[in-house]
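Novice: Got a predicted model here, sequence first, then my questions.
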Amino acid sequence: MSDDTQRDTTQLDPRQSPASQREALALIAPAGQLPIGATWRAVPDSQDVVFPFDGTVVAAAPVSTAAESRDALDAAAAARPEIAALTTAERKAVLLAVHDRLRADAERFVELLILETGKPRVDCQTEVNRTIVTLQATAEEVSHVHGETVPLDLQELGRGMIGYYSRKPAGVVIGIAGFNYPLLLATHKLAPAIAAGCPVIIKPAPNTPLATLELVAIVREELLSRGITPAAVQLVNGAPEVGETLVRDPRAQVVSFTGSAKIGHLIAQQAAPRKTVLELGSNTGFIVAADADLDAAVDAVLRGGFYANGQACISVQRVVLERPIAQTFTERLIARMGEVVVGDPRAVDTTVAPVINAASGHRIRAMIAAAVVAGATVLAGEDGSTVSDAAATNPALVQPTVLGQVPADAEVWAEEIFGPVICLTTVDSMPEAIALVNASRYGLQAAIYTASLESAFAAIEQLDVGGVVVNEIPGFRSDIMPYGGVKDSGIGREGPRYAIEEFTVTRMAMIRPRARG
């Protein structure tokens, strides 16, 4: 590491003991306790949260059991009438207060996210900023939870009747978040639940619970200061059975999960017939048309393929090039790979750091190696068969990699790699490009770079995904838009307005002003 990089890093040192690190981070959540019921409960077990960059321990996170999950459900069910009865003004006030506190404390949350996720500083700053926007947007949506009238007299038996529906809280919400954007993902579940009038139990990924615990601590303080039971927002943490206990319980009326397709499918089975909102994986397609602005498209691949260390479900993975521009695009992309700075995530100029753990690093290398055996060409980065000196020291460090002419049946093309790897292939026409992107079990978001309105609208109309981005990275997400996928990428939609709808049920009123004799 250069001296310049050393000077750019934060003063927080994960080599400190967990206790001193906790003090340096000024953690609000009490050590060794979880927010269960209306109080914080001491739990006997803990799990080390590790800084992916060098494997040092950041903190010891409390770990619960299935028994705590049942207790949390008991408390949430008991709190349900109180939370459902909160006024619009009360729900909005809580969300705005949390927004204000997070905004004032943004830098501390950035530092915390860097240490527990290992994402580069720029990505953690983006996560905190987006979380702040999501809280404000959700607070604004509280005032727009409404129903509409229904013309019951369309049928003769409804003549003279009045009909309308309103939205009511669905009940207890279970929010299960992934490790890659723990604070933001939890907020997209927690904030709409409060807005909808639902108690919520959050389960973070076990290796990244700290920022979420801090968020929940802030929310509970704001609830308590207004005389509202803190049992409205709880958090459990631990092994799969902790989450399974929550999901299987009939008191959990909605389960909102962000994570892998495999686990999402299992959760849907466990929760049935109750509602699930599933934001699952993808292997995002990125089409570059023959008439595209190539420099802009190359820039988009560099921005969109490696952010968050490639650990984003809508990062660029499959790049489909029309033949006339394929060679030029590839040459320009490879020539600019030096702009992708690999290093310590605390440094301001780092764009790629180690992935979440060694197991992920091994998995990614195995997928690359298999693709090479199947005929893919390594244009930049690793071939998966050898380990660099840096990776030997930290197996979680995967060099930014570009693979050319990847077979469509290779796992690195067909499945989500969730790492800093981009795959290129060439086609002869736009219909072929669209068909190739669609030839996937996933369908979250996709992108196209083109100067043609005809091609842009063909992609919008024909790509079988939840969102199509034109002339921008497929990882573009405004936190107020409806966000979600089709096929194995999930069901339901996030975004404040749309999540509130997922967390509420319609109640129909059918009124005959004067009873018939």
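Specialist: In hand now; what should we look at?
Novice: use CA for all of it now, contacts and neighbours both
Specialist: Will do.
Novice: In stretch 332-349, which residues are buried?
Specialist: Leu333, Met337, Val340, Val342, Gly343, Asp344, Pro345, Arg346, Ala347, Val348, Asp349 (16 or more other C-alpha atoms under 10 Å).
Novice: farthest-separated two in those?
Specialist: Leu333 and Arg346 (26.2 Å; C-alpha to C-alpha).
Novice: ok, now which ones touch Ala84?
Specialist: Shown in contact with Ala84 (C-alpha atoms under 8 Å, 6 or more residues apart in numbering): Lys168, Pro169, Ala196, Gly197, Cys198.
Novice: Count the residues that sit near the first one.
Specialist: Neighbours of Lys168 under the rule other C-alpha atoms under 10 Å: 19.
Novice: Parallel or antiparallel, list what pairs with the host helix or strand of it.
Specialist: Element membership for Lys168, per DSSP states H and E: strand 162-169. Strand pairing for strand 162-169, determined by DSSP bridges: strand 148-149 (antiparallel), strand 504-511 (antiparallel).
Novice: closest to Val319 out of the ones you listed?
Specialist: strand 504-511 (38.8 Å).
Novice: what sits up against the closest one?
Specialist: Residues contacting strand 504-511 (C-alpha under 8 Å, 6+ apart): 147, 152, 161-171, 196.
Novice: and what of stretch 62-71?
Specialist: Outside stretch 62-71, the residues that touch it by C-alpha under 8 Å, 6+ apart are 31-34, 36-37, 43-47, 236-239, 241-243, 245-246.
Novice: Counting only strands, which of the residues you listed make the cut?
Specialist: Mapping the contacts of stretch 62-71 onto strands (DSSP state E) picks out Gln33, Leu34, Ile36, Asp45, Ser46, Gln47.
Novice: The last one contacts Ala60, doesn't it?
Specialist: Yes. The criterion here is C-alpha atoms under 8 Å, and Gln47 meets it with Ala60 at 5.4 Å.
Novice: Please say which of these two ends up with more neighbours.
Specialist: Ala60 (20 against 15).
Novice: what about the strands in the stretch 351-500 of the chain?
Specialist: Along the stretch 351-500 of the chain, counting by DSSP state E, counting those that start in this stretch, strands occupy 377-380, 401-404, 421-427, 445-449, 467-470, 490-491.
Novice: To Ala26, which of those lies closest?
Specialist: When the strands of the stretch 351-500 of the chain are compared (using C-alpha to C-alpha), the closest one is strand 421-427, at 36.2 Å.
Novice: what about dumping the CA coordinates of stretch 455-470 to CSV?
Specialist: What follows is stretch 455-470, C-alpha atoms only, in CSV (Å, rounded to 0.1, in the frame of the first residue of the first chain):
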residue,chain,number,x,y,z
SER,A,455,-33.9,0.3,-30.4
ALA,A,456,-34.5,1.9,-27.0
PHE,A,457,-38.3,1.3,-27.2
ALA,A,458,-37.7,-2.2,-28.5
ALA,A,459,-35.7,-2.9,-25.4
ILE,A,460,-38.2,-1.3,-23.1
GLU,A,461,-41.1,-3.3,-24.6
GLN,A,462,-39.3,-6.6,-25.1
LEU,A,463,-36.8,-7.1,-22.3
ASP,A,464,-38.4,-9.4,-19.7
VAL,A,465,-37.2,-7.5,-16.6
GLY,A,466,-38.6,-5.3,-13.9
GLY,A,467,-36.8,-2.2,-15.2
VAL,A,468,-35.1,-1.1,-18.4
VAL,A,469,-32.4,1.7,-18.2
VAL,A,470,-31.6,3.6,-21.4
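Novice: Alright, that wraps it up for me.
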